[in-house]
Structure formats: structure tokens, C-alpha cells
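In: generate a structure from the sequence data that follows.
(one chain, ligands or ions: 3)
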Amino acid sequence: MMEIAQLPVYRDRHLTLLTDLYQLTMMYGQFNAGRHEIRVVFDVFYRSNPCGNGYVVAAGLEQVAWYLYHLKFTEGDIAYLRSLNMFSEAFLEYLRNFSFHGDVYAIPEGTLVFPNEPLLRVEGPIVEVQLIESAILSFINHQSLIATKARRIVEAARTNPLHPGSPVIEMGLRRAQNVDASVFGARAAYIGGCVGTSNLMAGESYNIPVSGTQGHSWIQSFPSELDAFLAYAEAFPEETVLLVDTYDVLRSGVPNAIEVGRRMRDAGRSLKAIRIDSGDLAYLSKRARRMLDAAGLTDVKIIASSDLDEYTIRDLVTQGAEIDAWGVGTHLITSSECPALGCVYKLVAQQVDGVWEPRIKVSENPNKVTNPGRKKVLRLFVDNQAVADLIALDYEHFDPSEPLELFDPIHTYKRKVIENYRIEELLVPIFERGQLVYELPQAHDIRERVDLQVEQFAAEIRRPLKPHEYHVDLSQELWDLKQSLLHQWRKPEGKKG
Ligand SMILES: Nc1ncnc2c1ncn2[C@@H]1O[C@H](COP(=O)(O)OP(=O)(O)OP(=O)(O)O)[C@@H](O)[C@H]1O
Ligand SMILES: O=P(O)(O)OC[C@H]1O[C@H](OP(=O)(O)OP(=O)(O)O)[C@H](O)[C@@H]1O
Ligand SMILES: O=C(O)c1cccnc1
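Out: Ligands and ions are numbered 1, 2, ... in the order given. Model (predicted):
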């Protein structure tokens, strides 16, 4: 954790009051009633995949770990809370010694996850676990969303038969919703599969490869486009990328780039790439390719940028665009098509006299009824393909040598039996009694994990449009428990917890 605390993105940070006031009002109410030590369990989960995707790439856990590790109220925080005239001095005094003593289990970053399964399970004294809801959701919602969007864009770029594996570079800093969205967004984009970022703070913080070309201002500031290109090639002889669309791509930009390319070749160097940032990218890239090839500059790559997203990239690929690499900003860093992931944080169990009691939130909408109890998430594999995730109560045991009947928790007539399966338990310990027990992986290791994860799922689940729904089922015991609690709370008098 000390290493992470030194990362530029976390330097001089203090986020304890990054919470909603109602968390403090609930904490105070519990404290006032002498209930603040009651132990509870909350689950973090979302209900539907963003952008019509078939899955989400889990991300944001590192930020959660940093936040919980550093959670404490400063004198400044306490003075501000006092100024609200809502809390007693006894409560403010209690906050002075506050820190996180709970347990956190989480699905590691870079794992493919699905609706309704707990991505995090947080256990601890109710006041502590309540305070952290807002910040945890903000970290997980943001980074998981951007990692998922990035994955969609990267997968689109990989469909290019002319340039298989053509890389995507994240360049959205200027369009991101401010500092954290840009830096943590760049991290998430890298986890999702981008090869690098233009954002230096993200590069410095997370060891993400950085890259940069030049803007139109560079070209405009010289007497001619050729002068600008030559000066750039002089300054960066090993990494010369020339922006060719300031005046006229085919009449001026590409011919000038070819001139620079020839001169570099004569000097024993090589022009690396041109970048086209406007116009019809299919037409211009094909024409530019022909012109470069005709000049013997077959190694010069073509980078495209200009309001790209996964749809435009796929479309350009089908048009046979000669694009070797993609620079993507706005639509990636803001996930403009689907601007929020809906992770929620729900109370699922509470300790009463030392015994865990399940809790449920009832809703008219069956999809919104929560899954009660302390649970685990099991991923079931048959022949190394993930076939379903099973949410079960944490004490349940499954013997993979015995057949297992799975059923849809809403349409229970939909059933299937699996045999000779393998189980992977997804939730791993992150904090135990307030101590960080998890070694946080590097961003590039998480990125590699995504590639491995994706291979475990059928193509039907991964396709970008109307994917097949991956099964997330409940164990029989959990389903029975849910039904019994539902019946109990739907009785007119209900039962108070
Ligand atoms: N061949 C193509 N097929 C589909 N979409 C394309 C193609 N070429 C470019 N696009 C997309 O069309 C849009 C063009 O944007 P816009 O009309 O703002 O003009 P522009 O060419 O970027 O010019 P400028 O940056 O000078 O305003 C971008 O989103 C770009 O990604
Ligand atoms: O298009 P995006 O996916 O957001 O990618 C980043 C954009 O940022 C830069 O544009 P700039 O700020 O100079 O504006 P402009 O090119 O749109 O004029 C760059 O030239 C890209 O076009
Ligand atoms: O390096 C680039 O080309 C770049 C960086 C940020 C935004 N647009 C372009």
C-alpha cells in the first residue's frame, strides 16, 4: 500500500468526506441508538450490462483499497461536520478515532463479471460499512464502465483483417469529466486493452506506455506545413508521426509527409506514421496508403483519430480502411453512449446475538429483489469454457464429481444439468479486520488478465450486438431462502429486523 500511496494520482489526497450526507445521518442515528457496532454485510452488484454488452470488465478495486486504507476523519472534517449543527459532540469525538475495521472480499480487477453477482462483499460495523458506500460505488462504477467501453473499442479494432490487432491509444484527457475521470479512466482504458495513453499523469502513476504526435497548432505555427514536418522530424527522429490534415490531406499533408519520409530514408532513418484527424477516414486512408506505397514508404503506418467509437471503427474496417492504429478520445473516456454503470450497495445480512441473519430488499420488480445472505460467487467451467456463475450461500459446498442442476432464478422452468465441471471461487479476501491482505496487481497484469478471461467465454457472449445472456444462477438453498424471506415480508404485518 505504501507504494500505491506514493502514486502521483493519490498524492496529498484525502477523501473521507467523499460521501453523501445521508451516510453520516444514518451513522449518527445508529450511534445515537447504541447500534453502531452491529456487524452487517453489504454487496456491490449491478443489474444490467452497459452499452448492450454481454459482460463488464471489473475495475476500480485498487482505488477502493487505497481509500479504505486511508480512511480517517481529520480535524478539518470534524470542524466542517460540527458546522452543520446536526451531530452531537459525542459522535464527533467518536469520529476522531474512526478507521475501517471491516472485511472486504472482491472479484479481482480484470475479471469478466455479470449482472446481479456481488463484485464486492463488505462486512463490518454498520457505521463503517455505511460511510463507504458512496465512494466505493463511484470508483467501481466509473472504472468498470470505462474498462468495458475500452474493451468494446479494442475488440472492434481487432476485427481488422488488413491490420490484425491494430492498437487503440487512449487520448481523451481533454474531454474527460475532469482529473480523476481522465487518470483513472486512462488506467481503466489500459486495463480494457488500449496499448497506451496520451495522459502523462496516468503514465507516471500506472506505468502505462505513453504516446503523442502533434496538434494542428504545431503545423499552423510554421511558415509552411513542410517546415513544420521537418522541424518535428528533427526533434523526434525516432518517433516521427506527422499530422496530415491541417490544410489538405491528399494535396498537401501526405505529399509533404512523403517528402519528409524520403529525406529521412536518405539519412538512414524512417518516418514512423502519419495521422489523419478529419474527413472521410476510409477514403483518405486508402488514398494515403497508395501514395505512401508508391513512394516506397510501405512501412509508414497510418493512425486515424476523429470522434471514433466502436461502431465507427467497425464500419471503417468493413469499408477496407487502411488504418494501422486508432486514437480514441471522447467516446471512450466519457463512455458517451452509456454514461453510467448502475452498481448498487445493498444490505444482505446482519449479525444478531453473534448469528448472521439474512436481509432482503423487496421490490415489485422481480429483478430488483436483492439476494439475501453472506454469499460467494462460483464460476463453473466445463472443458475450460465458463458455462454459468452460481451465487451460493458462503457455507455451501459443491462436489464437482456429482451432477449439478442449474436453473434460471426468475424463469425456474429453464434448467440444465452440468457434469464434470470445475469451480473457480471469484470473491477473494482484500481486507481482513481492517488489514489489507491482498497484493494489488500492476495495471499491465490486470490488462493481461482480461485477455485470458475473454478466452474463457463463448463468442456468443462476447459479441458486441445483442449478445447471448450468460447464466447467473442462484443455488437451490439461496433461492429457497430468498422465497421464504419474500413470503415473510409480503405478509401484511411483515417482520421487523
Ligand atoms: N468512412 C467513414 N465511415 C464512417 N464514419 C466516418 C468515416 N470517416 C469519418 N467518419 C466519422 O465521421 C465523423 C466526421 O466528423 P465531422 O463531420 O465532425 O468532420 P471531421 O471530418 O472530423 O472534420 P473537422 O474535424 O474538421 O470538423 C467522425 O465521427 C468520424 O469518425
Ligand atoms: O476525437 P476524439 O476521439 O475525441 O480524440 C481526441 C481528439 O482530440 C484532438 O482533437 P482537438 O481537441 O484538437 O479537436 P478537433 O480535432 O476535434 O478539432 C485530436 O486531434 C482528436 O481528434
Ligand atoms: O498525441 C496526439 O496525437 C493527441 C493527444 C491528445 C489528443 N489528441 C491527439
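In: which positions in the stretch 251-400 of the chain make contact with ligand 3?
Out: Residues of the stretch 251-400 of the chain found near ligand 3 (C-beta under 6 Å from any ligand atom) are 327, 329. C-beta coordinates here come from the backbone N, C-alpha and C atoms, glycine included.
In: strands of the stretch 251-400 of the chain, residue ranges please.
Out: Taking DSSP state E, counting those that start in this stretch as the test, the strands found in the stretch 251-400 of the chain are 273-276, 301-305, 325-328, 344-352, 355-358, 375-382, 385-393.
In: could you dump those to a markdown table with mean neighbour count?
Out: Below are these laid out as a markdown table (neighbours: other C-beta atoms under 10 Å):
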| stretch | mean neighbour count |
| --- | --- |
| strand 273-276 | 24 |
| strand 301-305 | 23 |
| strand 325-328 | 25 |
| strand 344-352 | 18 |
| strand 355-358 | 15 |
| strand 375-382 | 21 |
| strand 385-393 | 20 |
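In: now mean pLDDT too, for those strands, in JSON lines please.
Out: JSON lines is the format used below for the strands of the stretch 251-400 of the chain (pLDDT from 0 to 100):
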{"stretch": "strand 273-276", "mean pLDDT": "98"}
{"stretch": "strand 301-305", "mean pLDDT": "98"}
{"stretch": "strand 325-328", "mean pLDDT": "98"}
{"stretch": "strand 344-352", "mean pLDDT": "98"}
{"stretch": "strand 355-358", "mean pLDDT": "97"}
{"stretch": "strand 375-382", "mean pLDDT": "98"}
{"stretch": "strand 385-393", "mean pLDDT": "98"}
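In: can those strands go into CSV with extra columns for distance to ligand 2?
Out: Output for the strands of the stretch 251-400 of the chain, formatted as CSV (distance: least, C-beta to the nearest ligand atom, whole Å):
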stretch, distance to ligand 2
strand 273-276, 8
strand 301-305, 4
strand 325-328, 5
strand 344-352, 31
strand 355-358, 47
strand 375-382, 35
strand 385-393, 33
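In: would you turn those into a markdown table with distance to residue 16?
Out: Listed next are the strands of the stretch 251-400 of the chain as a markdown table, based on distance: least, C-beta to C-beta, whole Å:
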| stretch | distance to residue 16 |
| --- | --- |
| strand 273-276 | 44 |
| strand 301-305 | 39 |
| strand 325-328 | 35 |
| strand 344-352 | 17 |
| strand 355-358 | 28 |
| strand 375-382 | 29 |
| strand 385-393 | 32 |
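In: of all the ones you listed, which lies closest to residue 111?
Out: Set against residue 111 and scored by C-beta to C-beta, the strands of the stretch 251-400 of the chain come closest in strand 375-382, at 8.7 Å.
In: three-state assignment of residue 454?
Out: Look at residue 454: counting by DSSP: H, G, I helix; E, B strand; the rest coil, its state is helix.
In: list the residues that contact the residue nearest to it when sequence neighbours are not counted.
Out: Once flanking residues are discounted, residue 454 sits nearest to residue 462: 6.4 Å by C-beta to C-beta, 6 or more residues apart in numbering. By C-beta atoms under 8 Å, 6 or more residues apart in numbering, residue 462 lies in contact with 54-55, 155, 454.
In: residues near the residue of the stretch 101-250 of the chain found nearest ligand 2, how many?
Out: Distance from ligand 2 to each residue of the stretch 101-250 of the chain (C-beta to the nearest ligand atom) is smallest for residue 171, at 4.7 Å. Residues near residue 171, counting by other C-beta atoms under 10 Å, number 25.
In: for it, grab phi and psi.
Out: Dihedral pair for residue 171: phi -140, psi 50, per degrees, to the nearest 10.
In: number of residues surrounding the closest residue in space to it that isn't next to it in sequence?
Out: Distances taken as C-beta to C-beta, 6+ apart place residue 198 nearest to residue 171, at 4.1 Å, with adjacent residues excluded. Taking other C-beta under 10 Å as the criterion, the count of residues near residue 198 is 20.
In: surely residue 198 meets residue 173?
Out: Yes. Using C-beta atoms under 8 Å, residue 198 is in contact with residue 173, at 6.4 Å.
In: before we move on, the earlier item: from ligand 1, how far off is the residue nearest to residue 171?
Out: 17 Å (C-beta to the nearest ligand atom, to the nearest Å).
In: please apply the same query to residue 391.
Out: 41 Å.
In: residue 20 touches residue 137, doesn't it?
Out: No. With contact defined as C-beta under 8 Å, residue 20 does not reach residue 137; the gap is 10.1 Å.
In: looking at those two, which is more packed in?
Out: Comparing residue 20 with residue 137 by other C-beta under 10 Å, the one with more neighbours is residue 137, at 20 against 12.
In: in which helix or strand would I find that one?
Out: helix 133-157 (DSSP states H and E).
In: gap between that helix and the chain center?
Out: On the basis of C-alpha atoms, centre = their mean, to the nearest Å, helix 133-157 sits 3 Å off its chain's mean C-alpha point.
In: one more: stretch 467-487?
Out: 26 Å.
In: start the count at 29, not 1, going forward
Out: All set: I'll call the first residue 29, so the last point we hit is now stretch 495-515.
In: next, give phi and psi for the closest residue to residue 391 other than its chain neighbours.
Out: Leaving aside its sequence neighbours, residue 391 sits nearest to residue 397 (C-beta to C-beta, 6+ apart; 5.2 Å). Residue 397 adopts backbone torsions of phi -70, psi 130, taken as degrees, to the nearest 10.
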